[in-house]
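Q: predicted model and sequence follow; I will ask about them next.
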Amino acid sequence: MGLIAERSLIELRFHGRGGQGAVTAAHITVDSAVRDGFWGTAFPFFGAERRGAPVAAFARLSRGRVMTRSMVRNPDVVVVLDPSIMSYVNVFDGLKDRGIVVINSPTRPNISREVKLYTVNATRIALDLGLVLAGWPLVNIAMVGALSRVLGIRLDSVLESIRNMLSGRMAELNVTAAERAYHEVSEIGGG
C-alpha cells in the first residue's frame, strides 16, 4: 500500500542544488499523487539561489484538502538530490522521529541519526541515460521514481505526470530514469 495510504498527511522536504530540479521533483511528486486520488501542494523556497547553491522545495500529500502552504519545518520525509550538501546543510533539521530519508547515493551514507533510509544511485542513472545539463547530472526525476515507490504512488501515475510536464525525447529519457530508480531503490534501514 505504501506510506501515502497509511497516513492522513505526509510532509516532504527536498534538498538539492540550484539547477538540479528539486522544485520540479516536488511538483511531479504531487501531480503523481493527485493522479492516484490524493490531494497535495508543492512549493519552493527561494532566497538568493544560483546554480549550485543549496535549495529546498516542499510538498504536502493528503487524503483530504491541503490548505497549509507554509514551509515544511517538521517533515515526515526528506529527499536529498545531492548528498554533498549534507556536509554544510542540516537536511535532518526538524525531521520527525523515525522519519524517512530518500537519498541519491551509491552506498549507505554515514548518518548518525535513526531514520528509515532508502538509497538510489540517481547520478549513475542520469549519466547512463545522458541526462546531463551544463555538466550536471539531472537526478530529480530519478529521485521522484524512487520516492514514489517509498510512498506507494503508482509508477503509472509518475510516468503520466512526467509525460504531461515534459515532451519528446526528454520525456522518454526521464520516464526511463524514473522506472529504473523505482526498481533500484533500496531500503538500508536505521541509522
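A: Here it is on my side, so go on.

Q: show me the shaky parts of the protein.
A: 1, 46-51, 189-191 (pLDDT under 70).

Q: show me where it has helices.
A: Taking DSSP state H to define them, one finds helices in the chain at 3-6, 22-35, 122-129, 140-151, 155-165, 168-184.

Q: quick check: Ala57 touching Phe14?
A: Yes. Counting by CB atoms under 8 Å, Ala57 does reach Phe14; the two are 4.3 Å apart. Where C-beta positions appear, they are placed from N, C-alpha and C, glycine not excepted.

Q: what is in contact with the two at once?
A: Common neighbours of Ala57 and Phe14, counting by CB atoms under 8 Å, 6 or more residues apart in numbering, are 22-23, 25-26.

Q: ok, back up a step: so which of the helices of the chain is the most packed in?
A: Sort the helices of the chain by mean neighbour count, taking mean count of other CB atoms under 10 Å, and helix 140-151 sits at the top with a mean of 28.

Q: what's the spacing between that one and its chain's center?
A: 6 Å (CA atoms, centre = their mean, to the nearest Å).

Q: one step back: looking at the helices of the chain, which is closest to Gly94?
A: helix 22-35 (16.8 Å; CB to CB).

Q: show me what the closest one is packed against.
A: strand 9-17, strand 39-45, strand 54-62, helix 140-151, helix 155-165 (3 or more CB pairs under 8 Å, 6 or more residues apart in numbering; DSSP states H and E).

Q: sorry, back to before: higher neighbour count, Ala57 and Phe14?
A: Phe14 (33 against 27; other CB atoms under 10 Å).

Q: got the CA coordinates for stretch 180-189 in PDB?
A: C-alpha atoms of stretch 180-189 as PDB (Å, rounded to 0.1, in the frame of the first residue of the first chain):
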ATOM      1  CA  ARG A 180      14.900   2.500 -13.200                       C
ATOM      2  CA  ALA A 181      15.000   4.300  -9.900                       C
ATOM      3  CA  TYR A 182      11.600   2.900  -8.900                       C
ATOM      4  CA  HIS A 183      13.000  -0.600  -9.300                       C
ATOM      5  CA  GLU A 184      16.500   0.100  -8.000                       C
ATOM      6  CA  VAL A 185      15.700   2.000  -4.800                       C
ATOM      7  CA  SER A 186      16.900   0.000  -1.700                       C
ATOM      8  CA  GLU A 187      15.900   0.200   1.900                       C
ATOM      9  CA  ILE A 188      19.000   0.400   4.000                       C
ATOM     10  CA  GLY A 189      17.400   0.600   7.500                       C
END
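
Q: could you find the closest non-adjacent residue to Val185?
A: Nearest in space to Val185, with sequence neighbours left out and distances taken as CB to CB, 6 or more residues apart in numbering, is Ala146 at 3.8 Å.

Q: understood, closing this out.
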